[in-house]
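Visitor: 3D, please:
(one chain, ligands or ions: 1)
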Amino acid sequence: MEKKLAFLGPHGTFSEEAARALTAEQRFQHLPYPSIIDVITAVANHEVNYGVVPIENTIEGTVNSALDWLIHEVDLPILGELALPISQHLLVARREVPLELSAIERILSHPHAIAQCHNFIREQLPNAVIEYTNSTAKAAQIVSEHPEELWAAIGTRLNPEIYPLSFAWQEIQDYSNNYTRFWLIGTEPLVLPVSPKEKTTILLSMPEDFPGALYQVLAAFAWRKINLSKIESRPTKKGLGSYYFVIDIEQKVDEILLPGAFAEIEALGCQVRQLGTYPSYIYKAN
Ligand SMILES: O=C(O)C(=O)C[C@]1(C(=O)O)C=C[C@@H](O)C=C1
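Guide: Below is the predicted model:
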């Protein structure tokens, strides 16, 4: 039976691009879900076998809703990661007389896409009202369905191929080297192509009132020369000043020295939860 994979819909999101690229060599039924949390929940409830969610963007940083749901609400392993180049475009409904930029009253998109284009919006559309949607493609769909309104969407280069839209301005993100990392999550293992880059992500909980705990944790990695690529603190939601640390490590969990580092950290009284050990890819267009 064909395996099912959930992505943030509707069709035409960056998440769908990432999902199709990550699973290019396998046959899947790709299913759109209305929100990132719905994607994760569908995987956790076994409605689908796998899901793809955005986790971090170069300009805007961590996608907190995705990371927090994976930390607090479910226990699903990360199976793979893809960094997808992101370019944002200003899209308007197709009409006989093209909509002037100065006439745009409302601009719709996913909060992360809006945040990647703050400078453009402030300079070119200072009076437009911002309306957040669950995804870029949702914004594109809504704008295309209301050609009578003076609305624009921030969306992907593929959106005008799916919805009756035209480009009002291309490449509007504030920084050119824009990437979003996506995680593939699932309830069963998946054979993915070998990657030169393997990563492990852990969630670290520390004992309370332990001066220098983070310093000692980092020392356990440092003296073993284990490379870390990200440390993010997220609230435990149990009280102000109480945090988890999400740490991305640039090697696989069973590689030499990493189990020793975990044992040393646990001996300090910290808890280590492994969120996944997985291949990491950078998207390359064919
Ligand atoms: O709206 C989309 O197209 C998504 O896939 C979501 C998302 C995100 O959550 O960061 C993905 C990539 C871009 O950074 C902007 C939006």
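
Visitor: how about residue 203, what does it touch?
Guide: 71, 244, 245, 246, 272, 273, 275 (CB atoms under 8 Å, 6 or more residues apart in numbering). Where you see a C-beta, it was placed from the backbone N, CA and C, and this is true even at glycine.

Visitor: For it, which three-state class applies?
Guide: Assigned with DSSP: H, G, I helix; E, B strand; the rest coil, residue 203 falls in the strand class.

Visitor: What pLDDT is listed against it?
Guide: The model reports residue 203 with a pLDDT of 98.

Visitor: Quick check: the two most widely separated of the contacts of residue 203?
Guide: Using CB to CB, the contacts of residue 203 reach their maximum pairwise distance at 71 and 272, which is 13.4 Å.

Visitor: Looking at the two, which is more packed in?
Guide: residue 71 (18 against 15; other CB atoms under 10 Å).

Visitor: And what about the more buried one, helix, strand or coil?
Guide: Applying three-state DSSP: residue 71 is helix.

Visitor: Look up how far residue 13 lies from it.
Guide: Relative to residue 13, residue 71 is positioned 23 Å away (CB to CB, to the nearest Å).

Visitor: hang on, the earlier thing: name the nearest of the contacts of residue 203 relative to residue 30.
Guide: Comparing the contacts of residue 203 against residue 30 with CB to CB places residue 275 closest, at 23.7 Å.

Visitor: Pretty sure that closest one sits against residue 201.
Guide: Yes: Residue 275 is in contact with residue 201 according to CB atoms under 8 Å; the separation is 4.3 Å.

Visitor: between the two, who's got more neighbours?
Guide: Comparing residue 275 with residue 201 by other CB under 10 Å, the one with more neighbours is residue 201, at 25 against 21.
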